[in-house]
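> Model the following, please.
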Amino acid sequence: MFPNKEELIKELTFKTSRSGGSGGQHVNKVSSKVEVVFQVGNSALFDHDQKQLLTERLANKLDHEGNLHVIAQEDRSQLVNKEKAVLKMMALLEQSLQVQKKRKPTKIPKAVIEKRLQHKLVNAVKKEHRKKPKLD
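Numbers count the residues shown, from 1 in each chain. I've put the predicted structure just below:
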């Protein structure tokens, strides 16, 4: 079962800094960029198998200490960026924990096979009629 938002927020670490890029004088004063850090190995929300699955699937997004970082800096408001970062983190974790159902191979129906063979036969007859007649 995936944890709810409040449980996840308790395990997250928030860091704020100034956003990069253009934005005028205001951007130099306000720390609106939010970075959310989640320690996968130390989490009490997931069991051992889930942690292992997260570590495997998010291997390229984890740092050398096994922490998952998500950054939000699209908005001018720190609060809105914090909310967006938490939602991004939840979506990333939820997507990584999903297990796809195993595909069941299906047989080709007899009617489809018959239709294909009939079509081949019609094509063969059509091409046979294009040939010059043989003189015996």
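> can you map out the helices along the chain?
Using DSSP state H, the helices found in the chain span residues 5-11, 48-57, 78-97, 110-130.
> Quick one: closest of these to residue 33.
helix 78-97 (6.7 Å; Cβ to Cβ). To be clear about C-beta, it is placed using only N, CA and C from the backbone, and glycine gets the same treatment.
> ok now that closest one, how far from the chain's centre?
Relative to the mean C-alpha coordinate of its chain, helix 78-97 is positioned 13 Å out (Cα atoms, centre = their mean, to the nearest Å).
> Which secondary structure element of this protein has the lowest mean pLDDT?
Of all helical and strand segments in the chain, the minimum by mean pLDDT, DSSP states H and E falls on helix 5-11, at a mean of 85.
> Make CSV from the helices of the chain and add distance to residue 17 and mean neighbour count to it.
Output for the helices of the chain, formatted as CSV (distance: least, Cβ to Cβ, whole Å; neighbours: other Cβ atoms under 10 Å):
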stretch, distance to residue 17, mean neighbour count
helix 5-11, 20, 12
helix 48-57, 26, 14
helix 78-97, 10, 16
helix 110-130, 60, 9
